[in-house]
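# A structural model of the following input is requested.
(4 chains)
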Protein chains: 2
Amino acid sequence: MSQDPSSRQPVGPPSSDRQPPERPSGERRSDNTLAALVAAEGARPKTATEFVEATLKKGILSGALPAGMALRQEDLAREFGLSRMPIREALRQLEAQALIDFTAHKGAVVTEISLEDALDLFAIRRALETAAFALSIPNLSPDDLGRAVEVIAEIDTEADAGRLGQLNRQFHMTLYARAGRPKLLTLVEAQLASYDRYLRFHLSAEGREQMAQDDHRAMVEAAATRDVAGAIAVLERHIDTAADALTRFYAMRDGAAQVE
Amino acid sequence: MSQDPSSRQPVGPPSSDRQPPERPSGERRSDNTLAALVAAEGARPKTATEFVEATLKKGILSGALPAGMALRQEDLAREFGLSRMPIREALRQLEAQALIDFTAHKGAVVTEISLEDALDLFAIRRALETAAFALSIPNLSPDDLGRAVEVIAEIDTEADAGRLGQLNRQFHMTLYARAGRPKLLTLVEAQLASYDRYLRFHLSAEGREQMAQDDHRAMVEAAATRDVAGAIAVLERHIDTAADALTRFYAMRDGAAQVE
DNA sequence: TTTGCTAAGATTGGATCCAATCAACATTGG
DNA sequence: CCAATGTTGATTGGATCCAATCTTAGCAAA
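Below is the predicted model:
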């Protein structure tokens, strides 16, 4: 990281002395929600590009950067206190992860989320997670199951909706972790992360009962007794239920008011 | 595309007047196999970055850029007739696709292929492709099945081992195409593309009978009669057989001679 | 008023330059 | 003679500058 503290801000948490209530040049599309994100990012990776990528990724998955938002390189560079170059490289990686849409001379936009994409994602999750769960169950230790139970409890007490997605991801990954297939697990985690955006969208309107904690408990129960078929059945039902609920939610929303 | 034909080569197929039998400065790590690839790439995308990405991707999947090969930015830039910048951005995207390993100040290396990764990949393929196939079968038209049969025939007559992987991918995708889940299909195709590297590795040592054309025919047959369960069973066996064969191949190779 | 064209501004793509990091080699002290 | 250390070359990370393209506002003609 070739950061020169004399001429530029350090790449870490820049203590938010960016530009307090001052708008640089008229409007600001990718506005100050970014500034909070930049300040929040605690541990900084080795390179500025990685830092930008991690920050933007977290922002998109957490919903701080909403779908459809334009990401102007110049603005981002100013807010991060960097040049446009690390921004561009980070955007490239986010594009390969399908988190943003990149058009040739038009720029980057946070990928839209639609019901079709959500159903697509549920199909992928169903296929991948049942496979991972089946492979993992025989190798799960009592310790693993204990951690899963703890996460269930955390979900019940967690107030921040933003952290619920993270905890949900953590719960599922704990149960899959012993599958012994690193690439499969990486894929599963990526899909679960994508799912965060839909989950938040849904949770913000409906209650936290959408988390289906009963299913979570049933999954741990079945895993504890090494009942692979039963556990898979619960997981499939869990995902199908979520898909149905989200479908109903979209139908209701679109039926009630034509939002754009 | 800000190509200036007077000072630089056009970005398309540069008619291979790069540097014929002349080595620029001593050695060349990412050597002239690249030159052929650059010249071969027919249609050129809009930007240089996309061109570089597509070319490198094809090179890696086709085996022209073998696993473990270091990709020096400077060398690539010279061979493509571009600056290092589009190279860097292309490498970023390839890294997000797990085709190369990127280390902070060390550079990019074509991802190694190992038996463990292959088994990982087989597990992923089994999960995703069975799901896609099941969704697609009810919607397959006679036309689709006809195309699948044609591809089977092509595989029988194709001599070039490099194209076999592509045809194999095409066959499978034809059967999955009506799943109606774009993101799922994109994922499946990406995994099949990754599989190309292992398939080639295997085919180069054993014969083309590794393609298991009987399984392919059985898959079309089951799909034609809308026998979803039967088709899935064949596909699972197909993938498991390939996994077992590759495992035996690795065991034999490692047992016979300790190749590095 | 509307439609088509033109030109200026905004924004991204690409090139070149400089700084930071890493690896290998030489050097010196034990 | 070996190990720790300084030094130099190679290579990547980041910044700045220029070129190409897209968008939009303005204007003219139908």
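# could you use CA atoms for every contact and neighbour count after this?
Noted.
# phi, psi for the closest residue in space to residue A:145 that isn't next to it in sequence please.
Excluding the flanking residues, the one nearest residue A:145 by C-alpha to C-alpha, 6 or more residues apart in numbering or on different chains is residue A:220, at 6.5 Å. Phi and psi for residue A:220, reported as degrees, to the nearest 10, are phi -60, psi -40.
# okay but residue A:220 is in contact with residue A:144, surely?
No - with contacts defined as C-alpha atoms under 8 Å, residue A:220 does not count as touching residue A:144, sitting 9.8 Å away.
# which neighbours do those two have in common?
In terms of C-alpha atoms under 8 Å, 6 or more residues apart in numbering or on different chains, residue A:220 and residue A:144 are both contacted by the residues residue A:175.
# what stretches of the stretch 151-260 of chain A score poorly on pLDDT?
Within the stretch 151-260 of chain A, the ranges that satisfy pLDDT under 70 run A:256-260.
# on that earlier part again, who has more neighbours, residue A:220 and residue A:144?
Taking other C-alpha atoms under 10 Å in any protein chain shown, residue A:220 and residue A:144 do not tie; residue A:220 has more neighbours (21 against 18).
# which residues touch the more buried one?
A:145, A:148, A:149, A:175, A:231.
# quick one, domains of chain A?
Domain segmentation of chain A under automatic domain parsing yields A:1-112, A:115-256.
# turn those into a markdown table, columns for distance to residue B:85.
Output for the domains of chain A, formatted as a markdown table (distance: least, C-alpha to C-alpha, whole Å):
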| stretch | distance to residue B:85 |
| --- | --- |
| domain A:1-112 | 9 |
| domain A:115-256 | 28 |
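# ok so, going back, DNA strand C: which of the contacts of residue A:220 is nearest?
Nearest to DNA strand C, judged by C-alpha to the nearest atom of the strand, of those is residue A:175 at 35.2 Å.
# that closest one touches residue A:133, doesn't it?
Yes - counting by C-alpha under 8 Å, residue A:175 does reach residue A:133; the two are 6.7 Å apart.
# what ranges do the strands span in the stretch 101-250 of chain A?
A:107-110 (DSSP state E, counting those that start in this stretch).
# can you give me the helices in it?
Taking DSSP state H, counting those that start in this stretch, the helices of the stretch 101-250 of chain A run over residues A:115-136, A:142-157, A:161-176, A:182-203, A:213-224, A:228-256.
# what residues sit buried inside the shortest one?
Of the residues in helix A:213-224, A:213, A:215, A:216, A:218, A:219, A:220, A:221, A:222, A:223, A:224 count as buried by neighbour count, 16 or more other C-alpha atoms under 10 Å in any protein chain shown.
# now do the first one
Judged by neighbour count using 16+ other C-alpha under 10 Å, the buried positions of helix A:115-136 are A:117-136.
# near chain B, which residues of chain A show up?
A:46-47, A:88-89, A:92-93, A:95-97, A:104, A:117, A:120-121, A:123-124, A:127-128, A:131, A:181-184 (C-alpha under 8 Å from any C-alpha of the partner chain).
# do that again at 7 Å, thanks
Contact residues, chain A versus chain B (C-alpha under 7 Å from any C-alpha of the partner chain): A:89, A:92-93, A:96-97, A:120, A:124, A:127-128, A:131, A:181, A:183-184.
# could you redo these as a markdown table and give each row distance to residue B:205?
Output for the residues of chain A next to chain B, formatted as a markdown table (distance: C-alpha to C-alpha, whole Å):
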| residue | distance to residue B:205 |
| --- | --- |
| A:89 | 39 |
| A:92 | 37 |
| A:93 | 36 |
| A:96 | 33 |
| A:97 | 35 |
| A:120 | 38 |
| A:124 | 34 |
| A:127 | 33 |
| A:128 | 31 |
| A:131 | 31 |
| A:181 | 26 |
| A:183 | 26 |
| A:184 | 27 |
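# and of the residues you listed, the nearest to residue A:64?
Within the residues of chain A next to chain B, the smallest distance to residue A:64 is 17.8 Å, found for residue A:97 (C-alpha to C-alpha).
# next one, pLDDT for the closest one please.
Looking at residue A:97, its pLDDT stands at 94.
# same check, this time on residue A:30
pLDDT, residue A:30: 42.
# how deep is the residue lying closest to residue A:108 once chain neighbours are set aside tucked in, by neighbour count?
When the adjacent residues along the chain are set aside, residue A:108 lies closest to residue A:102, with 4.5 Å between them (C-alpha to C-alpha, 6+ apart). By the criterion of other C-alpha under 10 Å, residue A:102 has 19 neighbours.
# residue A:226 too?
Neighbours of residue A:226 under the rule other C-alpha under 10 Å: 16.
# ok, it - contacts?
Under the criterion of C-alpha atoms under 7 Å, 6 or more residues apart in numbering or on different chains, the neighbours of residue A:226 are A:137, A:138.
# residue A:136 and residue A:172 touch, don't they?
No - Residue A:136 lies out of contact with residue A:172 (C-alpha atoms under 7 Å); the separation is 11.3 Å.
# where's residue A:76 relative to residue A:84, distance?
Using C-alpha to C-alpha, to the nearest Å, one obtains 8 Å as the distance from residue A:76 to residue A:84.
# which one of these two is surrounded by more residues?
residue A:76 (22 against 16).
# could you say which helix or strand contains that one?
helix A:73-80 (DSSP states H and E).
# tell me what the helix or strand that comes right after that helix is packed against?
For helix A:73-80, the succeeding helix or strand toward the C-terminus, using DSSP H and E, is helix A:84-96. With contacts taken as 3 or more C-alpha pairs under 7 Å, 6 or more residues apart in numbering or on different chains; DSSP states H and E, helix A:84-96 sits against helix A:48-62, helix A:73-80, strand A:100-103, helix B:84-96.
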